[in-house]
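Colleague: show me how the following folds:
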Amino acid sequence: MSDLLLGLDPGRSKTGWALVKEDGTLVASGIVPADAVGTFVDALSRREVSPPQRLLEGSWPSAGQLKPARIVLGRGTGSACVMENLSARGLSFVCVDEAFSTLRARELYWRLHPPRGLLRWIPQGLRTPPRDLDDLAAWSLVRGYLGCQG
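Modeller: Residues are numbered from 1 along each chain as shown. Below is the predicted model of the structure:
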């Protein structure tokens with residue numbers, strides 16, 4: 001059995017995803033269009049997914065490691081459609097609260113990519129990451145589900 005969890009942070013136009021180990025370590029993450037989530041998760045659970053074109057963090061696992069043991073889904077904007085999509089495919093999932101996931105995603109971004117130069121002196125709350133953080137929000141949902149601190 002795989003020790004990977006798949007986190008999904010659904011939105012109106014895009015969904016962040018994160019493959020996470022049982023200890024809360026990020027394996028890989030990215031963002032897919034909202035209307036492609038079901039197809040992505042279905043292919044992932046069948047171990048038929050090639051590395052996404054836009055892998056934002058981590059490295060793509062081997063095919064034998066791909067099938068997630070659990071799916072952790074944020075219960076927020078766009079989640080009803082994703083729930084229906086996953087249920088229609090016979091995939092089970094756990095819904096979690098999305099409160100503060102975007103703020104936690106910012107913290108995770110700066111932990112992965114510490115600021116350099118003058119940016120170091122700007123307080124973290126005033127810094128804006130240079131990319132969408134939906135994938136890191138998905139990672140934060142899984143970390144919250146696992147009870148990871150920090």
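
Colleague: contacting residues around the worst-scoring helix or strand of the chain on mean pLDDT?
Modeller: Ranking every helix and strand in the chain by mean pLDDT, DSSP states H and E puts helix 37-45 at the bottom, with a mean of 81. For helix 37-45, contacts defined as Cβ atoms under 8 Å, 6 or more residues apart in numbering pick out 6, 8, 10, 15, 17, 32, 49, 66-68, 71, 82, 85-86, 88-89, 91. Any C-beta I mention is one placed from the backbone N, CA and C, and that applies to glycine too.

Colleague: pLDDT weak spots in the chain?
Modeller: Under the criterion pLDDT under 70, the flagged ranges of the chain are 1-2, 47, 51, 53-54, 63-65, 149-150.

Colleague: residue most distant from the centroid, it?
Modeller: Distance from the C-alpha centroid of the chain peaks at Leu118, with 29.7 Å (Cα atoms, centre = their mean).

Colleague: Three-state assignment for that one, please.
Modeller: State at Leu118, reduced to three classes by DSSP: H, G, I helix; E, B strand; the rest coil: helix.

Colleague: ok, back up a step: please spell out the PyMOL selection for the buried subset of the contacts of helix 37-45.
Modeller: Of the contacts of helix 37-45, the buried ones can be selected in PyMOL as follows, counting by 16 or more other Cβ atoms under 10 Å:
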select buried, resi 6+8+10+15+17+32+49+66+68+71+82+85+86+91
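
Colleague: so which of the contacts of helix 37-45 sit within helices?
Modeller: Using DSSP state H, the subset of the contacts of helix 37-45 located in helices is Val82, Asn85, Leu86, Ala88.
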